[in-house]
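Student: I would like to see how this sequence folds:
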Amino acid sequence: MLPEQQNQVLDAIEPVRTEPDAPTPGLVQRMRRVFNRELLLSLALGQVLSLLICGIGLTSKYLADDYHANTPVFQSFLNYILLFLVYTTTLAVRQGEENLLAILKRRWWKYMILGMIDIEANYLVIKAYQYTTLTSVQLLDCFVIPVVLLLSWFFLLVRYKVVHFVGVGVCLLGMGCMVGADVLVGRQQGLGDNKLLGDLLVLAGATLYGISNVCEEFIVKNLSRVEFLGMMGLFGSFFSGIQLAIMEHKQLLRVQWDWQIGLLYVGFSACMFGLYSFMPVVMKRTSATAVNLSLLTADLYSLFCGLFLFQYKFSGLYLLSFFIIVLGLILYSSSSTYVAQDPRVYKQFRNAGNPVTDRPTSGPLEPSVTYTSLGQEVEEEPRIRVA
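Tutor: From the prediction side, this is the model:
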């Protein structure tokens with residue numbers, strides 16, 4: 001074989017040189033991608049909501065235990081009145097399609113139903129404390145999370161990944177640790193006279209909470225936060241006022257009014273108003289599911305305050321449950337969710353490595369928008385709108 005031919009054979013069998021692969025991201029870089037500014041901000045905002053719920057629980061406990069003021073409907077009524085004064089009046093002075101009358105003409109009956117759902121959700125859960133134990137309320141109140149997951153899947157068309165379900169499971173595990181700590185230290189307040197009735201009331205209230213939260217997420221992401229709060233203030237104050245006149249007027253007359261009771265009612269109303277005003281902001285950035293997962297830490301904040309105010313017993317399981325819940329929140333928020341506008345989007349989501357390319361060639365087009373778990377919108381190529 002000639003030397004030239006030998007060189008050609010060697011060149012043919014020589015492995016093809018390629019560019020060096022990009023360096024694999026290290027552990028620190030991966031952690032930076034997960035613990036980004038949006039994730040940390042969302043976690044912090046969720047804990048602000050938990051602290052507001054802690055304030056609501058503490059003021060309610062003082063009113064019920066120390067002053068025998070069992071007036072859950074009146075307390076909710078004060079919150080709806082504040083919403084009416086701030087947000088309903090804001091809608092009343094607006095012009096055009098965002099005016100109060102224009103909104104009522106288009107969607108009055110929907111907001112009326114939503115207002116009644118919100119009122120009864122608050123009432124049922126608070127009422128359940130008279131019949132069952134605190135442990136049962138804490139456990140069964142978590143039923144709101146699967147309700148929100150299912151409603152978001154079928155009505156908001158949110159599509160989840162395995163990591164989201166793992167995050168939810170970890171959060172519920174943390175909640176179970178907290179309930180176990182309550183049992184170990186003997187902290188099971190509640191009479192438990194009719195436990196089955198109390199448990200059913202909690203499940204019914206959690207279901208109504210889930211419906212209300214999913215509707216709230218849809219409204220604040222597609223319409224307006226002020227519109228939602230204004231309509232809640234209008235219909236909430238109206239129907240809770242009727243319920244107050246029928247069910248609680250006698251209890252309200254028996255309250256021994258003084259400046260301390262008045263201050264507790266003011267504190268409760270401030271915390272409740274802050275919760276209602278701030279929750280749509282957090283929900284628009286994240287989702288109804290993420291918000292409800294964040295609220296699982298509210299009972300822990302109430303416990304930590306109770307260590308100093310009510311001499312509760314402490315257990316290391318409480319700290320463990322807090323860190324487990326936070327870990328579940330991080331897992332849930334570490335990956336994005338998708339909003340599927342038609343079955344092809346869901347198919348692409350499940351087969352990310354082999355995207356579907358078959359698309360109809362006719363029909364009205366609209367951009368396909370996905371929402372990450374942190375509420376970020378991403379606009380993709382136009383897809384066919386499904387009627």
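Student: low pLDDT regions in the stretch 101-250 of the chain?
Tutor: For the stretch 101-250 of the chain, residues meeting the criterion pLDDT under 70 lie at 133-135, 186-193.
Student: tell me where it has helices.
Tutor: Under the criterion DSSP state H, counting those that start in this stretch, the stretch 101-250 of the chain contains helices at 134-141, 144-154, 162-185, 195-222, 225-247, 249-253.
Student: using CSV, write out every CA atom in the first one.
Tutor: Output of helix 134-141 as CSV, limited to C-alpha atoms (Å, rounded to 0.1, in the frame of the first residue of the first chain):
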residue,chain,number,x,y,z
LEU,A,134,-57.8,20.9,67.6
THR,A,135,-55.9,17.8,66.3
SER,A,136,-58.8,16.8,64.1
VAL,A,137,-59.3,20.3,62.8
GLN,A,138,-55.6,20.6,61.9
LEU,A,139,-55.5,17.2,60.1
LEU,A,140,-58.8,17.5,58.3
ASP,A,141,-58.3,21.2,57.3
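Student: helices or strands up against it?
Tutor: Judged by 3 or more C-beta pairs under 8 Å, 6 or more residues apart in numbering; DSSP states H and E, the packing partners of helix 134-141 are helix 100-128, helix 162-185, helix 195-222. C-beta coordinates here come from the backbone N, C-alpha and C atoms, glycine included.
Student: quick one, which of these is nearest to V326?
Tutor: Smallest distance to V326 across these (C-beta to C-beta): 8.0 Å, for helix 162-185.
Student: export the closest one as PDB, just CAs?
Tutor: The C-alpha trace of helix 162-185 is given here as PDB (Å, rounded to 0.1, in the frame of the first residue of the first chain):
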ATOM      1  CA  VAL A 162     -44.000  14.600  39.900                       C
ATOM      2  CA  VAL A 163     -41.900  17.000  42.000                       C
ATOM      3  CA  HIS A 164     -45.000  19.000  42.700                       C
ATOM      4  CA  PHE A 165     -46.800  16.000  44.200                       C
ATOM      5  CA  VAL A 166     -43.700  15.100  46.100                       C
ATOM      6  CA  GLY A 167     -43.600  18.600  47.600                       C
ATOM      7  CA  VAL A 168     -47.200  18.400  48.600                       C
ATOM      8  CA  GLY A 169     -46.600  15.000  50.200                       C
ATOM      9  CA  VAL A 170     -43.600  16.400  52.200                       C
ATOM     10  CA  CYS A 171     -45.700  19.400  53.400                       C
ATOM     11  CA  LEU A 172     -48.400  17.000  54.600                       C
ATOM     12  CA  LEU A 173     -45.800  14.900  56.300                       C
ATOM     13  CA  GLY A 174     -44.600  18.000  58.200                       C
ATOM     14  CA  MET A 175     -48.200  18.700  59.200                       C
ATOM     15  CA  GLY A 176     -48.500  15.200  60.500                       C
ATOM     16  CA  CYS A 177     -45.300  15.600  62.600                       C
ATOM     17  CA  MET A 178     -46.900  18.700  64.200                       C
ATOM     18  CA  VAL A 179     -50.100  16.900  65.000                       C
ATOM     19  CA  GLY A 180     -48.000  14.000  66.500                       C
ATOM     20  CA  ALA A 181     -46.200  16.500  68.700                       C
ATOM     21  CA  ASP A 182     -49.500  17.900  69.900                       C
ATOM     22  CA  VAL A 183     -50.600  14.400  70.900                       C
ATOM     23  CA  LEU A 184     -47.300  13.700  72.700                       C
ATOM     24  CA  VAL A 185     -47.400  16.900  74.800                       C
END
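Student: show me what it is in contact with.
Tutor: The contact list for helix 162-185, computed with C-beta atoms under 8 Å, 6 or more residues apart in numbering, reads 134-135, 138-139, 142, 145, 149, 188, 289, 293, 296, 299-300, 303, 312-315, 317-318, 320-325, 327-335, 337, 373.
Student: can you flag which of those belong to helices?
Tutor: 134-135, 138-139, 145, 149, 289, 293, 299-300, 303, 317-318, 320-325, 327-333 (DSSP state H).
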